[in-house]
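Participant: Any chance you could fold what I've pasted below:
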Amino acid sequence: MNCGAIPEALLESELFGHVKGAFTDAVANHKGLFQAADGGTLLLDEIGDMPPALQVKLLRVLQERVVRPLGSSQSLPVDVRIISATHCDLDAAMAEGQFRADLYYRLNVVTLTLPPLSERREDIPLLANHFLLKLAAKYHKRLSGFAPEALKALTTAAWPGNVRQLHNVVEQVCALSTTPLVPLALVQRALRSPSVQVLNFAEAKQRFERDYLVGLLKLTDGNVADAARLADRNRTEFYRLMQKHGLTPGHFKADGSASA
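Facilitator: I've put the predicted structure just below:
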């Protein structure tokens, strides 16, 4: 789970779960990710972006090995291995009071530092060819690799966006290549242009749908009835769409309360 991608109002429920009636939109019991991962592993990505209030509750779960869903009076035992990742400098965040030191030391059992792609250029040919094979199957292309000059251009590029940028560049050349070997000119063109994620129709439709709902809810200050009216949809269908994309009206109100 990406801790920085989920609104604070939803993050606690996603992690620890909730019971029916715990808040306005809690129409059924919801098992949190700690319960879902019981006996396994939970990856908390961008842990440095976790709100301070949630850091306290996460620390309690890690120390006591129990989780209490929102609205419940009972704590449930969990056995979960935690892997956390962040782009933040947690030492600086602790010094600034943005990240709890006790949580840091609880998480920091084994540390793996991943250097930027520009500092491990020997990985670039391996990654580029791996992505090419996967994406060639996606686009139904007969691609066998990169021309030597093209691979050299990839290896010597700056890569400020690291592996995600490399993947996007390879996807662009894969979609546009008309020869089995990807030529230098195509790689140079992809490196000069901003790296954009290539989505299929279903993915693009889903992204647009979510952005459209978010825009309406911001415009109406979280009032679902008004947002549904603007979308020319009944309120029940609008709620269904919101649930599909993990949206709650309270997140879009200044006072944090939900409107129907």
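Participant: What sits closest to Leu62 if chain neighbours are left out?
Facilitator: Distances taken as C-beta to C-beta, 6 or more residues apart in numbering put Arg106 closest to Leu62, at 5.3 Å, once the chain neighbours are dropped. Glycine gets a C-beta too; all of them are placed from N, C-alpha and C.
Participant: give the contact list for that neighbour.
Facilitator: Counting by C-beta atoms under 8 Å, 6 or more residues apart in numbering, Arg106 touches 59, 62-63.
Participant: Output the below-cut-off pLDDT ranges for this structure.
Facilitator: 193-199, 254-260 (pLDDT under 70).
Participant: And the helix or strand where Ala190 lies, what's buried?
Facilitator: Counting by DSSP states H and E, the element that carries Ala190 is helix 184-192. Residues of helix 184-192 classed as buried: 184, 186-187, 190-191 (neighbour count, 16 or more other C-beta atoms under 10 Å).
Participant: Could you dump the contacts of Arg106 into CSV with neighbour count, secondary structure and distance to Leu247 added?
Facilitator: Below are the contacts of Arg106 laid out as CSV (neighbours: other C-beta atoms under 10 Å; DSSP: H, G, I helix; E, B strand; the rest coil; distance: C-beta to C-beta, whole Å):
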residue, neighbour count, secondary structure, distance to Leu247
Leu59, 17, helix, 28
Leu62, 16, helix, 29
Gln63, 11, helix, 32
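Participant: right, and out of the residues you listed, which lies closest to Asp102?
Facilitator: Leu59 (6.0 Å; C-beta to C-beta).
Participant: The closest one contacts Asp102, correct?
Facilitator: Yes. With contact defined as C-beta atoms under 8 Å, Leu59 reaches Asp102; the gap is 6.0 Å.
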